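S.K.: give the three-dimensional model of this entry:
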Amino acid sequence: MNHYTRLRAYQLGNKGASFSISVDNHFTLVEARYNDKNSPGIKWELNNLGKKSIDVLHITSWDEDHCRYSELLAILQQLRPALVECPGYAPHTDNGTKCLTLIRMYVVKGFGKMSRATTAVVREQTIEPLKGRDILYNPYKYSEVSNDNSVVKLFRVGSFQILSLGDCESEEISKSLASDDILQSELDVMILAHHGSSEKFTTTDFLKAINPRIAICCSDFGNQYEHPTPVIRSRLSNAGIKMLTTKAGDVIAQSIDKKNFKVSNYVSNNEKKDSVLTFTNKTWYIND
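M.R.: Predicted structure coming up:
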């Protein structure tokens, strides 16, 4: 089938987030995390596609749980992304500064290209979204709160549509997204903002407006931070939105056919499925 789509949320073994999105043969790794826990799964996904390198490395934040220098180095050396998409705001930590310098060196040496989500780029890409085109929604302006400069992107070229929210916490950003016609009508899978901890962002009004089929939370092993919070769990339940986490194992969403997709939650070191849910895509027609 055309636009066969597969999303995988990886258990990391420590705090942070790691996802991959493949549409047909195009592979995007979301966040620069690559350790003993998630790397076997990433390699499996690439091997399943017959690929040795990734097309895009998409980084939502310079924070270490999203972009860790040693793991970014391994990704650049081993997976050779053709394009690195990274935040447009200036890093505020030594780790972030080193990561940006490393990416620039990678580009200068001719291994790949770099794209930064500046406010100008976000405005340009959201003025007139094209059919079947990924959309950047944030940062539409820079904030003194670094989390609110996270890159928000709708991955819109697959058979089901995926929203990545980074670490956004602002109620203003939440209201802006909730008012967007495309998100209201097309969203299938939402990756919870800030690991499901931001109650100002993930409001009842926000959830009712965009109404995803399912929400996914990247929780560290053992879930020492209890993500998502009980309040957000309750809001999701009251809105009738299914929620899965990586606390026990990876979460995989994949196309069944043109109009349907299934989501599996794994347990026991990803050796067996704990649950399998099926959904009808809101937007299977978008890429006809």
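
S.K.: what is the strand or helix carrying residue 104 packed up against?
M.R.: Following DSSP states H and E, one finds residue 104 within helix 94-108. Applying 3 or more Cβ pairs under 8 Å, 6 or more residues apart in numbering; DSSP states H and E, one finds that helix 94-108 contacts helix 69-78, strand 83-87, strand 113-117. To be clear about C-beta, it is placed using only N, CA and C from the backbone, and glycine gets the same treatment.

S.K.: among the ones you listed, which is the most enclosed?
M.R.: strand 83-87 (a mean of 22; mean count of other Cβ atoms under 10 Å).

S.K.: using PDB, write out every CA atom in that strand.
M.R.: C-alpha atoms of strand 83-87 as PDB (Å, rounded to 0.1, in the frame of the first residue of the first chain):
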ATOM      1  CA  LEU A  83      18.900  16.100   7.100                       C
ATOM      2  CA  VAL A  84      19.000  17.300  10.700                       C
ATOM      3  CA  GLU A  85      16.000  19.400  11.800                       C
ATOM      4  CA  CYS A  86      16.700  21.200  15.100                       C
ATOM      5  CA  PRO A  87      15.400  24.000  17.300                       C
END
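
S.K.: by contact count, what packs against that strand?
M.R.: Checking 3+ Cβ pairs under 8 Å, 6+ apart, strand 83-87 ends up next to strand 56-58, helix 94-108, strand 113-117.

S.K.: ok so, going back, need the helices and strands packed on helix 94-108 in TSV with mean pLDDT and distance to residue 38, can you?
M.R.: Shown next, in TSV, are those (pLDDT from 0 to 100; distance: least, Cβ to Cβ, whole Å):
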stretch	mean pLDDT	distance to residue 38
helix 69-78	98	9
strand 83-87	97	18
strand 113-117	96	23
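
S.K.: of all those, which lies closest to residue 17?
M.R.: helix 69-78 (12.2 Å; Cβ to Cβ).

S.K.: got the contact list for residue 122?
M.R.: Neighbouring residues of residue 122 by Cβ atoms under 8 Å, 6 or more residues apart in numbering: 136, 137, 138, 139, 140.

S.K.: and residue 179, what is it in contact with?
M.R.: residue 209.

S.K.: so how far is residue 137 from it?
M.R.: 11 Å (Cβ to Cβ, to the nearest Å).

S.K.: can you check residue 199 too?
M.R.: 20 Å.

S.K.: of all the helices and strands packed on helix 94-108, which one is nearest residue 25?
M.R.: Of those, nearest to residue 25 by Cβ to Cβ is strand 83-87, at 15.1 Å.
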